[in-house]
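Novice: Predicted coordinates and the sequence they were generated for:
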Amino acid sequence: MSVQRHLPLATSLPARLIRFFEKYPPPALLKVSAPAHPSPAADPSTPAPDATPSDSPVAHSEIVPSTFSAPRNAPPEAQAGLPYPNPFLPRKNHTTGRWYGPTYGLRKQASLVKLAKQHDVLDLLPWTIKKPGEKEKRRIQNGLQVKGTGEGQKVKGKLWERTLKGRLEMRRKAMLEMPALIQEWKQKGHGRGWKKYPSGKAKK
């Protein structure tokens, strides 16, 4: 969905989504709404501004969360393009070494995703595991929560499952040799003189 379509929808969004986007503005809207400042080299008489106002979208876009990082198991798109830590993911402060939980829990994430989907602004939300299609991706990559069912993995199985192929092959060969075995049984007098065990010693 284009940004031009998102901007008119902002006036009809519920208050909960508006508050969320005010706190965590989408990077695409930050680039569009950022004012074009003239270059200092273009006009030497114009002094360069000392600092960017705090309420300007450019100020938010320049905030780089260098002291925070997302979990290692998070996909690359979880933090891509965001000038702030993803509020839907836990983050680690490298200065203190402490982990902080997500700003929004899973229940609130699901509620925001459902609300954004109803108003057709789902693409403006940061990455979250509650977005449609993410569950299917994890199912393909990790499998059915059973060891060995993921992509490129193999289930170990029980002992009888691992030996089933060999036992079925033995049964197939035995069935193919069954006519010759029956003929030999008849030729030897239907069991007279038939050795039950190859060694000739009967089990006690």
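Specialist: Ah, there it is.

Novice: Tell me which stretches of this protein form strands.
Specialist: 68-69, 91-93, 98-100 (DSSP state E).

Novice: Residue 17 against residue 121, yeah?
Specialist: Yes. Judged on CB atoms under 8 Å, residue 17 makes contact with residue 121 at a distance of 6.9 Å. (C-beta placed from N, C-alpha, C; glycine too.)

Novice: related to what we said a few turns ago, among the strands of the chain, which is nearest residue 184?
Specialist: strand 98-100 (74.6 Å; CB to CB).

Novice: Report the helix or strand with the lowest average pLDDT across this protein.
Specialist: helix 57-61 (a mean of 41; mean pLDDT, DSSP states H and E).

Novice: Nearest spatial neighbour of residue 80, chain-adjacent residues omitted?
Specialist: Spatial nearest neighbour of residue 80, chain neighbours left out: residue 127 (7.9 Å); criterion: CB to CB, 6 or more residues apart in numbering.

Novice: ditto for residue 155
Specialist: residue 148 (3.8 Å).

Novice: what stretches of this structure score poorly on pLDDT?
Specialist: 1-11, 31-69, 193-204 (pLDDT under 70).

Novice: all helices for the chain, in order.
Specialist: 3-9, 15-23, 27-33, 57-61, 106-118, 134-142, 159-162, 164-176, 178-187 (DSSP state H).

Novice: quick one: residue 120 from residue 12, how far?
Specialist: 10 Å (CB to CB, to the nearest Å).

Novice: who has more neighbours, the two?
Specialist: residue 120 (14 against 9; other CB atoms under 10 Å).

Novice: Could you report the separation of the more buried one from residue 13?
Specialist: 10 Å.

Novice: ok, how many other residues are close to the closest residue in space to residue 141 that isn't next to it in sequence?
Specialist: Using CB to CB, 6+ apart and skipping the chain neighbours, the partner closest in space to residue 141 is residue 151 (5.6 Å). Using other CB under 10 Å, residue 151 has 9 other residues around it.

Novice: Among the helices of the chain, which comes closest to residue 78?
Specialist: Of the helices of the chain, nearest to residue 78 by CB to CB is helix 134-142, at 10.4 Å.
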